[in-house]
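A.B. asks: Predicted structure and sequence below. I'll ask about it afterward.
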There are 2 protein chains.
Amino acid sequence: MFSASTYQGRRSRLASDLGQGLILIAGNIDAAMNYRGNPYPFRQDSTFLYFGGPDKPGLAMTIDPATGRSTLYGDDLTLEDIVWVGAQPTLTEQARQAGFVEVRPMSKLSGDVQSAGDRLHYLPPYRGDSILRLATWTGRTVEKIQSGFSEALIHAVIGQRSIKSREEIEEMTWAVDLTGRMHVAVMREAEEGLHESDLASLVTGMCEAEEVVPAYGIILSKDGQTLHNHHHGNTLESGQLVLGDFGAESRMHYAGDITRTFPVDRHFTNKQREVYEVVLDAEMLAIEACKPGVAYRDIHLHAARIIANGLKDIGLMKGDCHEAVAAGAHALFFPHGLGHMIGLDVHDMEDLGENFVGYDNTVQRSDQFGLAYLRLARKLQPGFVLTVEPGIYFIPELIDQWKAEKKHADFINYSALEKYRTFGGIRIEDNVLITEKGYQILGDPIPKAVAEVEALRYIV
Amino acid sequence: MFSASTYQGRRSRLASDLGQGLILIAGNIDAAMNYRGNPYPFRQDSTFLYFGGPDKPGLAMTIDPATGRSTLYGDDLTLEDIVWVGAQPTLTEQARQAGFVEVRPMSKLSGDVQSAGDRLHYLPPYRGDSILRLATWTGRTVEKIQSGFSEALIHAVIGQRSIKSREEIEEMTWAVDLTGRMHVAVMREAEEGLHESDLASLVTGMCEAEEVVPAYGIILSKDGQTLHNHHHGNTLESGQLVLGDFGAESRMHYAGDITRTFPVDRHFTNKQREVYEVVLDAEMLAIEACKPGVAYRDIHLHAARIIANGLKDIGLMKGDCHEAVAAGAHALFFPHGLGHMIGLDVHDMEDLGENFVGYDNTVQRSDQFGLAYLRLARKLQPGFVLTVEPGIYFIPELIDQWKAEKKHADFINYSALEKYRTFGGIRIEDNVLITEKGYQILGDPIPKAVAEVEALRYIV
C-alpha cells in the first residue's frame, strides 16, 4: 500500500471535485465460479483500491464532500470465520493504514446511503453482483441502478487515475519487469514439438511464484492472427511464428501488458522478417511520436501509414498510403487500435466507459472498421501510461470476405496475399509513460529487434 | 464430450421426472474480473454441461416434458467476433454433438420462456449475472427470481448427477491422476527456504500444461490449521509441516480433490508422526467403512471417534471417546465434516443447496459446532463419489476461546495442548467411489503412509 496521506489526498481531491452529494465506492465481493462457495481468485475493484479501500471482499466506502469525511464499511471476522480463513488485521487497522477515520458495520450502509437520496454518486457497476448490492443498499430497481450512475464522479475519477504518480510508476515498472522476464523465459524455452500450453504454464508458474496473477487472459499462440485467442492447444511446428501477449499484475494490482512475436525456429524466415520489421518500425516510430499535446489518434494513424507503406514495399498493398489509411484499407491487416491507457486495469478504467477514458469533446470515436476499436484517441498528457501495440495479421475469414466484396481493391493486392494465408500474425507491444518532454518505455528493455530475439532462441 | 445419446438420455429422464412445465437450464456468461472486457477464465455451469450444453458463454437450453423437445438457445459468431476470437464450430454443429434437434437464437428465449408462465422450472442462480438474466427472460423481479426456483427440478437433477456413470468415473480418474502427480511433484520439490508460492507455482504450471485449471483455490501452506488458507507467502522452515489441498479439473470439468501433509524436513518428527498416524488411521478406516446403505454421517462420527481415541493416546484428550464425540469435544481438533460429494463441482451440486444434496428426510443437519459443517450425511449409494478427508488441527484462536470457557474440560487436556500451539494442521484426503459391494479409491495410489511420504522427500 501507499501511505495513508496519499489515499487521504486522493479522497480529498475527489470530494472537492464533486463538491456536493455523497460519493459511494463499492468494493467487490467474491465472484462465484461454479457455486458461491467456490469463487474465482478475488479481484478488488480498481477504483476502490485507488482510493484506499482494503484488498478484501465485501467492503464499501463513502466520501462526503460537505464534511470531507471518508467512511469505510465492513465487518470483522467472527471466530468461525477465523477457523476457515485464519486471523486477519482488524478492519480498524486496515482503515487506519489508508487514513480512514471512521469505520462502520455493513449493516449501516443502506441507511447512510438512503439518507443521501438523489444526491448519491456511484460508478457504473460491471458485475451482476454489484448491481444487486447497489439496488439493495439504495432501495432502487436494478434498471434504475444500471442507468443512474454519476458522470460527474466518472470524470473526477478518470481525472485522477489518468495521471500516474511516481510511486504508481514504480509499481507498474515492477509489473513490466516481471512481465519481461516471463517473455524472455518463453522465448528461450519455445521449440518445435512443445505445446503452446507448455509455454503458458511457464507464465502462470512465474506469476504464482511471485504471488501475483496474470493481468488478463494469456495469449500465447501460433495463431497470432486471432486477436484475443486464449486457446493453448497447438503443437509448435517449424516455420511457425508464436505470438505472446501476456502480463503480470503487481501485488498492488497494477498491470503489465507486453507482446512479443518470435519464430519457432532459431531464425525468422525472410518472409517473416520482412513483415516483422514493418511492425517493429511502426511500434518504435509510434513510441517516438509520443509526447504531451499529441492526439493518440494521430499516432495511431501514423502507425497505420507506416504499416501500409511497409506492406506496399512487400507487395501486399498499393497506391497512396495516406489515401489507403484514410479509406481504412490497412485495417485488413491492422484491424485494432494502436493502444490504450494502462494502470490498475490493463485497459485502464474501461469499467467507467471507454469513451470517457479515451475520448473527449475534441476527438469523437470513428465508426470505420479498425479505427472504431481505438480505445485511446485524445491528446496525451504527462503522467499517462499507455500501450503501443501495432500488428499485422493475415485473417483468412476477413481476407475472403473483403476479396469477395472487392473491398479497397485499389489499395490491396489480393492475388499476392494468397501466399500469406497461413502466415499468422505479428504484434509488438510496450508500455509507455508520457513525460514532460516526450516518453519513457517502462521497465528494463525486453528484446524485440530481430537479432535480439534470435539471440534468445535455442541457447543451450 | 460424451455421446449425443448420453445427453439425450439424461434430458429425457429429466423430462419424465418433471412430467410437466418447461425446464430452463441457463449456461453461464463470462464473469467480469475488473471490467466486463477482462473476464475470469470461463467456467460453464455444471448442470448445463451435464445435460449437453456446449462449453461456451451466453447459451441456455429448454426441455419440454410434454413434447420431449430439447432446444439450445444461442447466437453464432459474426465476422467481427471471428477477428477477435477465431473461427469456431457453428452452434448447430455443437448442438448436434449433444443431440439437440432444435437451435434457436437467444432473442427467442424470452418469448418462449414467458409463454410457459408459472409452469417454468429453473435452478437457483448463484451468480448475480444469472439472476439478472433470468429476471430479463421471465419478466419477473430479481426478488421473485431468487425465491422462485423449482425444488422438483433440483431433486430431479440431484437424482441423476449423484450417480456417476462409468464414463464419468473415467473422467474423474483422469483428474485424480493428474492431481496425484501434482502432489508428488510438490512433495518432491519442497524444501527448507522455498516459498509456499514456489510450490503453488508447480501446481498451476502442471494444470496449465494440460490445458486445465485447478478445480478450486489451491491450499498449500505451512499453516494447515487454517482450513481454507489461500495465502502462499511463507518461507518453509525446518520443523514445519506443509498441507497441500488442491486438485485439477479434467477437460470436461470433473474435479479431483486430494490433500496430503508432509514435513519440510526429510522425516516427520516423532510428535508429527504421532498425530499423522491418527489422521491416517481415521482416513483409511473411514474409507473402509464406505459401502451402500451406510449413512455418511455415521462414518463421519466413526472417524471422529478414531481421532478422539488417538488424541487420548497422545494425551490431548481424555474420558470416554463415544461421549466426547457425542458432546462435540473432538471438534476443537477436527472442526469440519468428513467429506462431500464430488463430480462436476468439487463440492458437487452445492449451488443446488447443500441440504438437498447431502441430507434427506432420514438425516437432518446438526447445529453442533463441527458436525454442522458436514456436507454429506445421508445413506451412500452405488455410484456416489465422495471425499474422505479427516484432519487434526491446532487452531490457537479456537483453543484460547474454548480454554477460557473451560469448554469440554472433561474431555480435553488443555495443559498438554500448550506444546502444540504452533504445530499447524494435518489433513489426508482421497476421492472414493461407492461400488455395489463397498468402495474404490479413485486413481493411482498417491503416497500417504509415513514411509511412502518420507521416501519422496529430498531425493537427489
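C.D. replies: Okay, I see it. Keep in mind it's a predicted model, so treat the numbers as computed, not measured.
A.B. asks: Going by C-alpha atoms from here, please, whenever you check contacts or count neighbours.
C.D. replies: Will do.
A.B. asks: Not counting its neighbours along the chain, what's nearest the residue nearest the centre of chain A?
C.D. replies: Residue closest to the average C-alpha location in chain A (C-alpha atoms, centre = their mean): A:Val346, at 2.0 Å. Spatial nearest neighbour of A:Val346, excluding adjacent residues (C-alpha to C-alpha, 6 or more residues apart in numbering or on different chains): A:Ala255 at 5.4 Å.
A.B. asks: ok, that neighbour - how many residues close by?
C.D. replies: 31 (other C-alpha atoms under 10 Å in any protein chain shown).
A.B. asks: ok, what's across the strand from the residue lying closest to A:Asp64 once chain neighbours are set aside?
C.D. replies: In this structure, A:Asp64 finds its nearest non-sequential neighbour in A:Leu22, 5.0 Å apart by C-alpha to C-alpha, 6+ apart. Beta bridges link A:Leu22 to A:Leu120 when assigned by DSSP bridges.
A.B. asks: Strands of chain A, residue ranges please.
C.D. replies: All strands of chain A, identified by DSSP state E, fall at A:22-26, A:60-64, A:69-73, A:102-104, A:120-121, A:219-221, A:241-246, A:258-263, A:385-388, A:391-393, A:425-427, A:430-434, A:439-441.
A.B. asks: can you put the ones you listed in a markdown table and add mean neighbour count, mean pLDDT and distance to B:Cys290?
C.D. replies: Shown next, in a markdown table, are the strands of chain A (neighbours: other C-alpha atoms under 10 Å in any protein chain shown; pLDDT from 0 to 100; distance: least, C-alpha to C-alpha, whole Å):
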| stretch | mean neighbour count | mean pLDDT | distance to B:Cys290 |
| --- | --- | --- | --- |
| strand A:22-26 | 23 | 98 | 47 |
| strand A:60-64 | 22 | 98 | 47 |
| strand A:69-73 | 21 | 97 | 47 |
| strand A:102-104 | 16 | 97 | 49 |
| strand A:120-121 | 22 | 98 | 57 |
| strand A:219-221 | 27 | 95 | 45 |
| strand A:241-246 | 25 | 98 | 47 |
| strand A:258-263 | 26 | 98 | 53 |
| strand A:385-388 | 28 | 98 | 58 |
| strand A:391-393 | 27 | 98 | 58 |
| strand A:425-427 | 27 | 98 | 56 |
| strand A:430-434 | 24 | 98 | 58 |
| strand A:439-441 | 18 | 98 | 62 |
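A.B. asks: still on that earlier bit, against A:Leu49, how distant is the residue nearest to the centre of chain A?
C.D. replies: Spatial separation of A:Val346 from A:Leu49 under the definition C-alpha to C-alpha, to the nearest Å is 15 Å.
A.B. asks: Next, count neighbours for the residue of the stretch 351-460 of chain A found nearest chain B.
C.D. replies: Closest to chain B within the stretch 351-460 of chain A is A:Asp351: 4.8 Å, counting by C-alpha to the nearest C-alpha. Applying other C-alpha under 10 Å, we find 24 residues neighbouring A:Asp351.
A.B. asks: quick one: contacts for it?
C.D. replies: Listed by C-alpha atoms under 8 Å, 6 or more residues apart in numbering or on different chains, the contact set of A:Asp351 reads A:124-126, B:34-36.
A.B. asks: re earlier: so the residue nearest to the centre of chain A touches A:Gly256, yeah?
C.D. replies: Yes - A:Val346 lies in contact with A:Gly256 (C-alpha atoms under 8 Å); the separation is 7.1 Å.
A.B. asks: Name the residues contacting each of those two.
C.D. replies: The contact sets of A:Val346 and A:Gly256 overlap at A:Ala215 (C-alpha under 8 Å, 6+ apart).
A.B. asks: which parts of stretch A:17-33 are buried?
C.D. replies: Neighbour counts using 16 or more other C-alpha atoms under 10 Å in any protein chain shown place A:17-18, A:21-33 of stretch A:17-33 among the buried residues.
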